[in-house]
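Visitor: Just the structure for this:
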Amino acid sequence: MAAENDKSRLDDAARAGWLYFIAGHTQDEIAKMLQVSRASAQRLVSLCLAERLITFRLEHPIAACMELAARLKQRFDLVHCEVVPEDPAAPQATAGIAERCANLLDSTLRSETPVIVALGTGRAVRAAVERVTPIDRPNHQIVSLVGNISADGSASFYDTVGRLADRTGARHYPMPLPFLMSSEDERNKMVRIEPIAKVKAVAAKADLRLVGIGQMDQKAQVHVDGFVTRDELFEMMRLGAIGEITGWAYDAKGRMLKAGTNKRLTSIPPEVPAKTTTIGAAVGAAKVPAITAALSGGLINGLITDEATARAILER
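Guide: All right, here's what the predicted structure looks like:
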């Protein structure tokens with residue numbers, strides 16, 4: 001009974017949201033149409049937003065954002081660049097870039113021709129996948145670039161491949177390996193196992209790579225999420241690591257490190273320079289050095305970020 005009541009309330013919330021945001025009715029009008037009080041109509045509209053029963057996309061390009069994107073595209077010879085408005089109240093919020101990443105995924109996945117999308121992990125990528133419009137595309141393929149099992153055996157919450165497959169009906173290829181192996185030799189053996197080799201072969205043919213970009217400092221996401229220890233992180237920092245993409249650490253010039261955790265990492269390494277359309281999604285002052293290095297080193301050839309981050313990159 002409780003489940004039925006919840007479903008009925010969500011139905012009412014969706015109807016109220018449609019009437020308010022799509023049909024353009026006032027909350028007083030909605031209250032009369034649904035035969036509820038104005039306060040109830042307001043709560044239903046709020047519930048519609050909270051449960052993401054309705055979403056929005058900004059269709060009007062903002063001149064300042066377009067100008068920043070054009071400058072980034074020219075300076076780093078990018079194939080794709082989008083800059084979204086900054087949120088002064090939440091400078092590290094990923095909602096804006098997630099919406100544009102979702103739009104990019106939507107446009108790619110709408111193709112009737114079979115496509116392969118390769119995904120990294122991270123909050124921005126996960127949030128983007130949650131915003132993708134459901135579509136039936138069983139001939140597409142979704143492949144993971146990252147081993148998603150941490151040292152304690154748990155899977156990453158930010159794994160995205162299965163979720164995107166759910167929304168598209170596409171075949172998907174997770175990377176069922178620990179993020180790090182105990183030794184370089186063990187890593188080399190594991191990545192040659194036939195099922196893993198097949199995942200790597202699919203990833204090598206990807207039409208689009210969408211990855212997060214992480215900083216390498218004491219708040220590095222690979223450490224916060226439990227994939228590398230404090231000692232491993234500090235070792236990489238001493239070696240000159242400034243950022244990471246799918247766990248692969250690189251220095252301030254965008255050069256891959258040949259030591260530390262990179263020797264035990266199971267993730268598929270970035271192409272250097274990127275040939276596949278490889279879009280990095282990241283915002284925030286702490287990530288500016290990592291993003292700049294990835295652009296300078298050719299680890300990515302596309303970027304989705306916000307105004308404040310874009311300006312900081314261009315000022316370096």
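Visitor: List the contacts of Ser182.
Guide: Applying CB atoms under 8 Å, 6 or more residues apart in numbering, one finds that Ser182 lies in contact with Arg264. Heads up, the C-betas are built off the backbone N, CA and C, glycines and all.
Visitor: could you pull out the strands for the chain?
Guide: Shown for the chain, the strands assigned by DSSP state E span residues 80-84, 116-119, 141-149, 171-178, 208-212, 214-215, 243-245, 248-250, 277-281, 302-306.
Visitor: Highest average neighbour count across the ones you listed: which stretch is it?
Guide: strand 243-245 (a mean of 29; mean count of other CB atoms under 10 Å).
Visitor: For stretch 211-230, buried residues please.
Guide: Of the residues in stretch 211-230, 211-217, 220-223, 225, 227-228 count as buried by neighbour count, 16 or more other CB atoms under 10 Å.
Visitor: Repeat that for stretch 249-257.
Guide: Ala249, Tyr250, Asp251, Gly254, Leu257.
Visitor: Report how far apart the opening and closing residues of it are.
Guide: Stretch 249-257 has an end-to-end distance of 6 Å (CA to CA, to the nearest Å).
Visitor: go on, stretch 217-224?
Guide: Separation of the first and last residues of stretch 217-224 by CA to CA is 10 Å.
Visitor: quick revisit: min pLDDT across the buried residues of stretch 211-230, which one?
Guide: In terms of pLDDT, Asp225 ranks lowest among these, with 86.
Visitor: Tell me who's in contact with the residue minimising distance to the centre of the chain.
Guide: Centroid-nearest residue in the chain: Val125, 1.1 Å away (criterion: CA atoms, centre = their mean). With contacts defined as CB under 8 Å, 6+ apart, Val125 is in contact with Cys101, Leu119, Tyr158, Thr160, Leu210, Val211, Gly212, Ala281.
Visitor: and the closest residue to the last one other than its chain neighbours, how many neighbours?
Guide: Excluding the flanking residues, the one nearest Ala281 by CB to CB, 6 or more residues apart in numbering is Ala124, at 4.2 Å. Burial of Ala124 is recorded as 28 neighbouring residues (other CB atoms under 10 Å).
Visitor: again, but for the one 10 residues further on
Guide: Other residues lying near Pro134 total 9 when counted by other CB under 10 Å.
Visitor: confidence score at it?
Guide: 92.
Visitor: list the contacts for Ala241?
Guide: Contact partners of Ala241, counting by CB under 8 Å, 6+ apart, are Met216, Ala249, Tyr250, Asp251, Leu257, Gly260.
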